[in-house]
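A.B. asks: Have a look; sequence and predicted model below, questions after that.
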Amino acid sequence: MDVENFHCADAPPETILCKQRGGDSGGMTMSHEWRTVKLVDISAKRRWALNGGPFGSKLSRKHYSESGVPVIRGTNLSADSKFSFDDFVYVSEEKADELRANNAHPGDLIFTQRGTIGQVGLIPFDSPISRFVISQSQMKLTVDPEQADALFLYYFFSAVDTVQKIQNLAFAAGVPHINLDILRKFETPVPPLPVQRRIAGILSAYDELIENSLRRIRILEKMARALYREWFVCFRFPGHESHPLVASSLGDIPQGWEVKKLGDVAILNYGKALKKENRCDGVYPVYGSSGIVGMHDTNLVKGPGIIVGRKGNVGSIFWCDDDFFVIDTAYFVTSYLPLRYLFYVLPTMNFINSDAAVPGLSRNQAYTLEILVPPAALLKKFCELAGTFESQASTLQRQIQNLRLTRDHLLPKLLAGDVKLKEN
């Protein structure tokens, strides 16, 4: 590395020294005693330690049940975490026993076999669920704890270079896929166990800080939504006692509030076509109906702003604090009403998927929907309070970005043995 000390303002308390090879010999020299082995050689010495999902018709939708043993699918290998407990499907205990060769347990690594090649997950060691079944599109590894640390291997397989190597080995015909033999023979660096654990500890410290910030963001978002609901759904806003409810086309609303058509208060502006290969460079986020889909060197909209899905994820809603670009699968919103208020209102509106051939959100249909318009003074007060929550969340989001950049910069250097760790 070209700097003697590498650090980040948001770095974990673990002290990290990064020096060039051949520098000061103090600390733990990680370039020695490293070996390269095939993955099968560090799997646990037990049957089915490295195995694929059920074959053929052994597991299909007809075997799913409302409860029982969770089935791990690609949706559980989230890019933002080691493992996601969301969106499980289940099989019965009896079916899981029948598929015992395809069972996975806490501490096991899970790999995608077909579809999004390169995905990897690690079932948490403290998982509240003791047994899983892997789907037909997954493979699993139980590590030999005397040779390898599962968390270290998770970081190795999540590294960009490793993902690319696996993708290069995939069969491209039809749905991209690899097989168990490719995984068994895949070569993996194996430093001494104490070094593996130290590397894993450093990287996981970053991830723990990231996850903690994400939890705080979710709390702030929940608080802002609760404030919106309290004031504009339950009508328990400051001074509500002096505003009796009156009838309207949206039901009873506080006296002095209005009901208007969305088309009278806001404009859904079309995004601009931008080829995928042109969404890779620049400082401005590019939004489509699924959220950020790249970066660009010019902006289309001055932030802050709201993005609404037009094609694909119809009616999806995103907020961007900074200037941004919108492609033609989404709209961006302009309005004389505060955008922050609209950000909470729009998800409650009944946007209809109006095109049977190509799912899409029709502006004409959206403009006919009715929207509640409170007094300007109340909207201003709400935006000030909600803005406080959003501002804190934005600060945390920037910290997360900084932590991820630092971790991702450090990851390949640790895995290559280019980093010296300061002794405890």
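C.D. replies: Cool, got the structure.
A.B. asks: mind listing what Val37 touches?
C.D. replies: Counting by CB atoms under 8 Å, 6 or more residues apart in numbering, Val37 touches Glu187, Thr188, Val190. Quick note: C-beta positions are derived from backbone N, CA and C, even for glycine.
A.B. asks: How about Ser81?
C.D. replies: If you count contacts by CB under 8 Å, 6+ apart, then Ser81 has Glu211 around it.
A.B. asks: how far away is it from Cys234?
C.D. replies: 34 Å (CB to CB, to the nearest Å).
A.B. asks: next one: Gly282
C.D. replies: For Gly282, the distance to Cys234 equals 43 Å [CB to CB].
A.B. asks: what about the two, which has more around it?
C.D. replies: Here Gly282 and Cys234 are compared on neighbour count by other CB atoms under 10 Å; more neighbours surround Gly282, at 15 against 9.
A.B. asks: Quick check: closest non-adjacent residue to the more buried one.
C.D. replies: Among residues not flanking Gly282 along the chain, Asp297 sits closest, at 3.5 Å (CB to CB, 6 or more residues apart in numbering).
A.B. asks: if I read this right, that neighbour contacts Arg279, doesn't it?
C.D. replies: No: checked against CB atoms under 8 Å, the pair Asp297 and Arg279 is beyond contact range at 10.4 Å.
A.B. asks: for the stretch 301-424 of the chain, which spans come out with low pLDDT?
C.D. replies: 353-358, 421-424 (pLDDT under 70).
A.B. asks: Which residue ranges of it form helices?
C.D. replies: 339-345, 363-367, 376-415 (DSSP state H, counting those that start in this stretch).
A.B. asks: right, so the ones you listed: which one is the most enclosed?
C.D. replies: Most buried of the helices of the stretch 301-424 of the chain by mean neighbour count (mean count of other CB atoms under 10 Å) is helix 339-345; its value is a mean of 21.
A.B. asks: ok, Thr116 - how many residues close by?
C.D. replies: Thr116: 12 neighbours (other CB under 10 Å).
A.B. asks: Domain ranges for the protein, per the record?
C.D. replies: 1-34+192-249+374-424, 35-190, 258-373 (automatic domain parsing).
A.B. asks: now the longest one: how far from the chain's centre is it?
C.D. replies: The reference is to domain 35-190. 19 Å (CA atoms, centre = their mean, to the nearest Å).
A.B. asks: Could you tell me the end-to-end distance of that domain?
C.D. replies: Taking CA to CA, to the nearest Å, domain 35-190 runs 5 Å from one end to the other.
A.B. asks: avg pLDDT for that domain?
C.D. replies: Domain 35-190 shows a mean pLDDT of 92.
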